[in-house]
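S.K.: predicted model follows, preceded by the sequence.
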Amino acid sequence: MTITARYDYILRNMNERQARAALAGVNNAGFQDFLTMLDDIGAIIGADAVFTNAQALAEPRFGSTIVIPERARPLSWLNLRKHRTIEELVDTVVHEAVHATVRVLKRHQRTPEPEELIAYHGEEIVAMAATNLILRKIEFPAYHQIARNMITIDECKNKLSRLGCNAQFLRERFAEAAAAEAFFTDSFLEFGAPTAVEVRTRRSSQ
């Protein structure tokens, strides 16, 4: 199935109201502000309405995001039945939201596919590092998820090193993570999306 066909299939088979109801119940002002910023980029957020409970639990993904040039709006799907805690759900939503910025922050024109090993693992580092930055910034107590993200970041770094990526490549990914965090938490939308260089320069002068 092509990425465009996958986008259309997920859009047809997910429940936006169900997802929004779950997110509205998260009692954290910073996260609710974060959702507003996510709305500003036009992201579509929904939960699957087709899987049985057993299928949802067996599915390896907690969520998935697709950004493609053929469709203007990023699409994020949440596997709500798989999330056992609010902390897991918030971690997934923030992670997928970072992926939703691939085009607006000019990392990629579309979501990298798993077979595009360097781009895919590089984007995973961006998403997990930015998620940790955002969770800390909004003071959300997802300590287990932050620790797990750090372990997975190290795994991605090792995979990228084996693929021949150097330290500069990794530094650029962490700079992109900082730009994504600033995009959601520093109210940069009214001025336009920041570049990684702009964020680094701004923070070094503070």
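M.R.: Nice, I can see it. Nothing here was measured: the structure is a model prediction, and the numbers come from that model. Numbering: from 1, shown residues only.

S.K.: report the separation between Q18 and A49.
M.R.: Separation of Q18 from A49 (C-beta to C-beta, to the nearest Å): 7 Å. All C-beta atoms are positioned from the backbone trio N, CA, C, and that covers glycine.

S.K.: then T92?
M.R.: Using C-beta to C-beta, T92 is found at 17 Å from A49.

S.K.: which one of these two has more residues nearby?
M.R.: T92 (22 against 14; other C-beta atoms under 10 Å).

S.K.: backbone dihedrals for the closest residue to H108 other than its chain neighbours, both of them.
M.R.: Using C-beta to C-beta, 6 or more residues apart in numbering and skipping the chain neighbours, the partner closest in space to H108 is V102 (4.5 Å). For V102, the backbone dihedrals (degrees, to the nearest 10) come out as phi -60, psi -40.

S.K.: can you pull out the strands in this structure?
M.R.: Under the criterion DSSP state E, the chain carries strands at the ranges 14-15, 44-48, 63-66, 75-78.

S.K.: so which of those strands is nearest P114?
M.R.: Within the strands of the chain, the stretch nearest P114 is strand 63-66; the backing value is 11.1 Å (C-beta to C-beta).

S.K.: elements contacting that closest one?
M.R.: Of the remaining helices and strands, those touching strand 63-66 by 3 or more C-beta pairs under 8 Å, 6 or more residues apart in numbering; DSSP states H and E are helix 3-12, strand 75-78, helix 86-99.

S.K.: now these in a markdown table, with distance to E113 and mean pLDDT?
M.R.: Formatted as a markdown table, those follow (distance: least, C-beta to C-beta, whole Å; pLDDT from 0 to 100):
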| stretch | distance to E113 | mean pLDDT |
| --- | --- | --- |
| helix 3-12 | 7 | 93 |
| strand 75-78 | 15 | 96 |
| helix 86-99 | 12 | 97 |
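
S.K.: of the strands of the chain, flag the one that's most buried.
M.R.: Comparing these by mean neighbour count (mean count of other C-beta atoms under 10 Å), strand 75-78 ranks first with a mean of 24.

S.K.: looking at the protein, which helix or strand is least sure?
M.R.: None of the helices or strands of the chain scores lower by mean pLDDT, DSSP states H and E than helix 196-204, at a mean of 53.

S.K.: shaky segments in the chain?
M.R.: Along the chain, segments meeting pLDDT under 70 span 187-206.

S.K.: what segments of it are helices?
M.R.: All helices of the chain, identified by DSSP state H, fall at 3-12, 16-24, 29-40, 53-58, 86-99, 117-137, 143-162, 167-185, 196-204.

S.K.: who are the packing partners of the longest one?
M.R.: Think helix 117-137. Using 3+ C-beta pairs under 8 Å, 6+ apart, the elements in contact with helix 117-137 are helix 86-99, helix 143-162, helix 167-185.

S.K.: change it to 10 Å
M.R.: helix 29-40, helix 86-99, helix 143-162, helix 167-185 (3 or more C-beta pairs under 10 Å, 6 or more residues apart in numbering; DSSP states H and E).

S.K.: just name the most buried of those.
M.R.: Most buried among the helices and strands packed on helix 117-137, counting by mean count of other C-beta under 10 Å: helix 86-99, with a mean of 24.
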